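*Asks:* I would like to see how this sequence folds:
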Amino acid sequence: MLVFWVWRIVIKARVVVFALFFGVWMPLGVIGVSRNTSVVNVGVLFTHDSVIGRSAQPAILAAMDDVNADNSVLPGTKLNLILHDTNCSGFLGTVEALRLMEDEVVAAIGPQSSNIAHFISHIINELHIPLLSFGATDPTLTTPHYPYFVRTTQNDYFQMNAIADLIDHFGWREVIAIFVDDDNARNGISALNDALAKKRVRISYKATFSPGSPTSVINDLLVSVNLMESRVYIVHVNPDTGLSIFTIAKKLEMMNSDYVWIATDWLPSILDSFETNNHDVMNHLQGVVALRHHTPDSNLKNNFASKWNTTSFNSYALYAYDSVWLAARALHTYFQEGGNVSFSNDPKLHENNGSKLQLTSLRVFNGGEQLLETIKRTKFKGVSGLVQFGDDRNLIHPAYDIMNIGGTGMRRIGYWTNYSGLSTMTPESSYSKPLNATPNGHLYTVIWPGEATAVPRGWVFPHNGKPLQIVVPNRVNYKAFVIKDKSPLGVKGYCIDVFEAAINLLPYPVPHAYILKGDDSLDYNNLVYDVSQNRYDAAVGDIMIVTNRTKYVDFTQPFMESGLVVVTVVKEKKSSPWAFLSPFTVQMWAVTAILFVFVGAVVWILEHRSNEEFRGSPRQQIITVFWFSFSTMFFSHKENTVSTLGRAAANFKG
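*Replies:* As a prediction, the model looks like this:
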C-alpha cells in the first residue's frame, strides 16, 4: 500500500513538472482562451465628434449594456467594447485600427467613413477580424477583395438606383452631380452614372470640391454650375459640411422654382439629429428632395427611442445599435458551435532591425473565418428592421424613404425598394405582395423650391450660352420666302414665320440669330455643306430637299411642294343620263353602229341557208340581224351559229 501511494505521488510530480516545463518553453505563438472566457473584446472605430458619431456613440454603449444585461446572449461572458476615435482621417484611422488590433479583439464595429474602411479592410483581411460597418456605404467595399468587410447599413448602389428612378419619374434627361472628392463620393457617383445610363439619362457635369474646402471654393463651384444648362443637382457630400452648399445656393438665388435639388441620405441624417429644427437651416432647404434609410416602425424601435427620451437620432444610430447585437449573437452561436478565442502570430509580421514598430503585437484571430460565416448567416429583428444578409454581404430588402423638406420639417412623399421601385406603399407591404400586384411609379405631390407644385423643366439656356447661328440665303428672288428686313430679327418671310412658330412651341427659350449669306449667285450646296461642317447650327429658307444633301444634313418635313403645276378653273356641271356617250364622238358612235349592222348581215348571209333560226319572213329576218348584232355585245344572243365562217364572224364581233 505504501509503494502504491509513493508511485501516485511520483506520477503527479512528473505531470506537474512536465506541465511547467511545457508552459515555460513552448513557443508563445499560440495562446488560447477557452470558450467560457469571462470577457470578449470587440473594437469600435468611428469619429466621435461628427454628425454620425454623436448619434452612434450612445447607441453603441446602450447596446453593450443591453447585451450584458440579457442572459440569453453570451451567458457568463461580458461583452467589452473598446472605442477608438478615427477623427475622419485615413491615416489616423489606420493608426487607431492597428492600436485596436493590439487589444486582441475578435471583431470590429465601424468605421463610419468609407475612406477609412478601405484602409482598414486590408488590415482585417490579414488578421482575420470581421468588420461590421454601420456607416461605410461605398459600393466598391462589397467586393471579393474585402472578404471580412460586412456592411450593416445600406449600400449606396441601391441609393443611386433610387435616385435614377426618381430622375426618370419626373422626365429629366440631364443632371449635375455635386460631390466631395473622396473615394466614397466618387464611387457613389460612378454607381449613379451607371444607373442613369440605363434610363438614358446622363450626368452633364461633375462638380467636385476637396474635403474641408472653404466657402469661397464652394461659392465659385456653384457659380460655375449655375451657368450651365441643367438645373437638376444631385448633392452627395459629407453630413458635417453639406449644409454650407445650400446656404451659399440660397445667397446665389439658386433655390427658386427653376431649380431641382436632390440630396442623398446625408441630409436627413443631419435633420434627424436635431432636437428641434433650426429655422435658418430649414429656410435654406425649402423644396429639397432627399433620401433616408427606411427603418420600419416597431416596438423595438419605440423602446430604443424611449430610453433616450428623445427622437433626435438618425438611421446610423439604429444600424450601430444592431451591429453590436449582431456581433453578440454571432459570438453566442460561435461559442455554441465549439469555437474559442485564440490568436497566433502572423508569419508575415516580424521585427525589423532598428524599427520601433511592434508588429509582433498584431495577432491573427484563429476563429475569424468561422465567426465571419456565422455573422453572414445570422438573422434577427433589430431596431432598424430585419437584419439578414444576402450572398453579396448586403442587407436584404434595401429600401429608402423619399422625403420632401418644407416648412419646419420633412414629409414623406413615397418609398423606393429594389423590388417595386418608387411607390406610395410601405416596403413591408410591397415585399409581401407579388410584383405585378404592387402599384409602383407613384409619389405624392412634391413642393419644389419656390413653393412650386409644377414639376420644374430641369433645363434652361445658359446665361453665357452661345445663341444658335441660323444661316439664311440672301437673294432677291422669292422674296415671299425670305428677305432682309429692318425688324429685330433682321429677316422676314414665310420660312422665317414657320421657323419662329416652331421655336415658340418649345417649353424653354432658345436664343438664336439669323445670318444672311450670299446673293443671286449663291450655291445652295455650299450653304448646306457649311451647316454639316458646324459653321452654322441650322439653315432656314427656300432650300430644296435633294438626295445628295440628305447625306450630310437632316431636313425637316417639307411644308411646301415645288415643281410644275397647272392652274385651272373648276366648273360644277350637273350630271346627265346621256353621260355615257361622252367618251366617244358622234362619228365614232356612228361607225360603231354601222360595224355592228355589217357583222350581223354577214352572219345572216352565212347562216340563213343552213340555220333555221335565221329564217322566216323578211321582217323577222331583219329583226334577227339587228338583234343578233346588239346581243353579241353581252354574249346573250339566243341564235346559235352552225357554220364555221358564221362562228368566226360572230366571235370577231364579240
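
*Asks:* what ranges of the stretch 251-400 of the chain fall below the confidence cut-off?
*Replies:* 275-277, 308-312, 350-360 (pLDDT under 70).

*Asks:* which parts of it are helices?
*Replies:* Using DSSP state H, counting those that start in this stretch, the helices of the stretch 251-400 of the chain run over 266-273, 279-283, 299-308, 315-336, 368-377.

*Asks:* adding distance to Ile503 and mean neighbour count, write those out as TSV.
*Replies:* In this view, the C-beta of every residue, glycine as well, is placed from N, C-alpha and C. Output for the helices of the stretch 251-400 of the chain, formatted as TSV (distance: least, C-beta to C-beta, whole Å; neighbours: other C-beta atoms under 10 Å):
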stretch	distance to Ile503	mean neighbour count
helix 266-273	39	22
helix 279-283	38	13
helix 299-308	56	14
helix 315-336	48	25
helix 368-377	60	18
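
*Asks:* save the ones you listed as TSV, and put in distance to Glu104 too.
*Replies:* Formatted as TSV, the helices of the stretch 251-400 of the chain follow (distance: least, C-beta to C-beta, whole Å):
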stretch	distance to Glu104
helix 266-273	33
helix 279-283	44
helix 299-308	30
helix 315-336	14
helix 368-377	12
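
*Asks:* which among the ones you listed is found nearest to Ile402?
*Replies:* Between Ile402 and the helices of the stretch 251-400 of the chain, the tightest spacing by C-beta to C-beta is seen for helix 266-273, at 10.5 Å.

*Asks:* other SSEs contacting that closest one?
*Replies:* Packing partners of helix 266-273 (3 or more C-beta pairs under 8 Å, 6 or more residues apart in numbering; DSSP states H and E): helix 51-69, strand 289-293, helix 315-336, strand 399-406, strand 409-417.

*Asks:* what are the structural domain limits within this structure?
*Replies:* Using the TED database, the domain parsing of the chain gives 38-153+299-346+360-387, 156-294+396-432, 468-539, 584-651.

*Asks:* looking at these, which is nearest to Val566?
*Replies:* Of all those, domain 468-539 sits nearest to Val566, with 20.6 Å by C-beta to C-beta.

*Asks:* among the domains of the chain, which is nearest Trp578?
*Replies:* The closest of the domains of the chain to Trp578 is domain 584-651. By C-beta to C-beta, the value is 11.2 Å.

*Asks:* contacts for stretch 546-554?
*Replies:* With contacts defined as C-beta atoms under 8 Å, 6 or more residues apart in numbering, stretch 546-554 is touched by 525, 528-529, 531-532, 539, 543, 555.

*Asks:* can you give me the end-to-end span of stretch 414-425?
*Replies:* 7 Å (C-alpha to C-alpha, to the nearest Å).

*Asks:* ok, back up a step: can I get the contacts of stretch 546-554 in a markdown table with neighbour count?
*Replies:* Listed next are the contacts of stretch 546-554 as a markdown table, based on neighbours: other C-beta atoms under 10 Å:
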| residue | neighbour count |
| --- | --- |
| Asn525 | 13 |
| Val528 | 23 |
| Tyr529 | 14 |
| Val531 | 20 |
| Ser532 | 13 |
| Ala539 | 21 |
| Ile543 | 21 |
| Phe555 | 13 |
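
*Asks:* Ala107: which of those is nearest?
*Replies:* Closest to Ala107, out of all of these and judged by C-beta to C-beta, is Ser532, at 65.6 Å.

*Asks:* how deep is the closest residue to the closest one other than its chain neighbours tucked in, by neighbour count?
*Replies:* The spatially closest residue to Ser532, leaving aside those adjacent along the chain, is Tyr552, at 3.8 Å (C-beta to C-beta, 6 or more residues apart in numbering). For Tyr552, the neighbour count with other C-beta atoms under 10 Å is 12.

*Asks:* kindly report the same for Asn418.
*Replies:* For Asn418, using other C-beta under 10 Å, the count is 16.

*Asks:* next one: phi and psi at it?
*Replies:* Backbone torsions for Asn418, taken as degrees, to the nearest 10, come to phi -80, psi 0.

*Asks:* so who does it touch?
*Replies:* For Asn418, the contacting residues are 158, 161, 398, by C-beta under 8 Å, 6+ apart.

*Asks:* return the member of those nearest to Val106.
*Replies:* Set against Val106, the nearest of these by C-beta to C-beta is Pro398 (28.2 Å).

*Asks:* now the closest one, nearest residue through space, not along the chain?
*Replies:* Closest to Pro398 by C-beta to C-beta, 6+ apart is Phe158, at 4.0 Å.

*Asks:* what of Lys517?
*Replies:* Sequence neighbours aside, Val471 is the residue nearest to Lys517 in space, at 5.3 Å (criterion: C-beta to C-beta, 6+ apart).

*Asks:* who does that neighbour bridge with?
*Replies:* Val471 has these beta-bridge partners by DSSP bridges: Ile515, Ala539.

*Asks:* wasn't the residue nearest to Pro398 part of a helix?
*Replies:* Yes. Phe158 forms part of a helix when assessed by DSSP: H, G, I helix; E, B strand; the rest coil.

*Asks:* that one contacts His397, correct?
*Replies:* No. With contact defined as C-beta atoms under 8 Å, Phe158 does not count as touching His397 (10.1 Å).

*Asks:* which one's more surrounded, these two?
*Replies:* The neighbour comparison of Phe158 against His397 (other C-beta under 10 Å) goes to Phe158, with 22 against 18.

*Asks:* list the residues that contact the more buried one.
*Replies:* 394, 398, 400, 418.

*Asks:* report the two of these separated the most.
*Replies:* The span of the contacts of Phe158, defined through C-beta to C-beta, is set by Asn394 and Tyr400 at 13.9 Å.

*Asks:* joint contacts of those two?
*Replies:* Common neighbours of Asn394 and Tyr400 (C-beta under 8 Å, 6+ apart) are 154, 158.

*Asks:* neighbour count winner among these two?
*Replies:* Comparing Asn394 with Tyr400 by other C-beta under 10 Å, the one with more neighbours is Tyr400, at 27 against 18.

*Asks:* so Leu489 makes contact with Asp497?
*Replies:* No. Contact criterion C-beta under 8 Å: Leu489 and Asp497 do not qualify, at 10.3 Å.

*Asks:* between those two, tell me which one has more neighbours.
*Replies:* Legend: neighbour count by other C-beta under 10 Å for Leu489 and Asp497, higher for Leu489 (14 against 11).

*Asks:* ok now do the residue lying closest to the more buried one once chain neighbours are set aside, which residues does it touch?
*Replies:* Closest residue in space to Leu489, ignoring its immediate chain neighbours: Tyr514 at 6.0 Å, by C-beta to C-beta, 6+ apart. Residues near Tyr514 by C-beta under 8 Å, 6+ apart: 470-472, 489-491, 496, 540.

*Asks:* ok, now with 7 Å
*Replies:* The neighbourhood of Tyr514, defined by C-beta atoms under 7 Å, 6 or more residues apart in numbering, consists of 470, 472, 489-491.

*Asks:* pLDDT value on the residue nearest to Pro398, please?
*Replies:* Confidence at Phe158, expressed as pLDDT, is 96.

*Asks:* what are the buried residues along stretch 182-197?
*Replies:* Within stretch 182-197, the residues that qualify as buried by neighbour count (16 or more other C-beta atoms under 10 Å) are 182-193, 195-196.

*Asks:* what of stretch 83-98?
*Replies:* By neighbour count on 16+ other C-beta under 10 Å, the buried set for stretch 83-98 is 83-88, 90, 93-94, 96-98.

*Asks:* restricted to helices, list the residues you listed.
*Replies:* Judged by DSSP state H, those include 90, 93-94, 96-98 as members of helices.
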